[in-house]
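Asks: sequence below, structure please.
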Amino acid sequence: MGVTKLLRKGRKNRAIANNAVKAIKQLTLKPTIKNVDVEAIKASFAEKKAA
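Replies: Numbers count the residues shown, from 1 in each chain. The predicted model follows:
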């Protein structure tokens, strides 16, 4: 009895694993931390309110 490879099943299993890895990487991805000047933002809101 010959052994055959289940090619479609292998591709499906690999795709499922790759999708899981990508989903985990996406969920654990952190945005880059930027230096934000809070006082400048508050001042800009005050300028808009005055105008």
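Asks: quick one: low-confidence ranges for the chain?
Replies: Applying pLDDT under 70 to the chain flags residues 1.
Asks: just want the most central residue of it.
Replies: For the chain, the residue sitting closest to the mean C-alpha position, by Cα atoms, centre = their mean, is Gln26 at 3.1 Å.
Asks: going on from the helix or strand containing that residue, what's the next piece of helix or strand?
Replies: Assigned by DSSP states H and E, Gln26 belongs to helix 7-28. Using DSSP H and E, the helix or strand that follows helix 7-28 towards the C-terminus is helix 38-50.
Asks: now do that next one: which elements does it pack against?
Replies: If contacts are counted by 3 or more Cβ pairs under 8 Å, 6 or more residues apart in numbering; DSSP states H and E, helix 38-50 sits against no helix or strand. For the C-beta atoms, the positions are set from N, CA and C on the backbone; glycine is no exception.
Asks: what's the distance between it and the middle of its chain?
Replies: Centroid separation between helix 38-50 and its chain, computed with Cα atoms, centre = their mean, to the nearest Å, is 32 Å.
Asks: same check on stretch 6-22?
Replies: 20 Å.
Asks: go on, stretch 7-23?
Replies: The mean C-alpha position of stretch 7-23 is separated from the chain mean by 19 Å, Cα atoms, centre = their mean.
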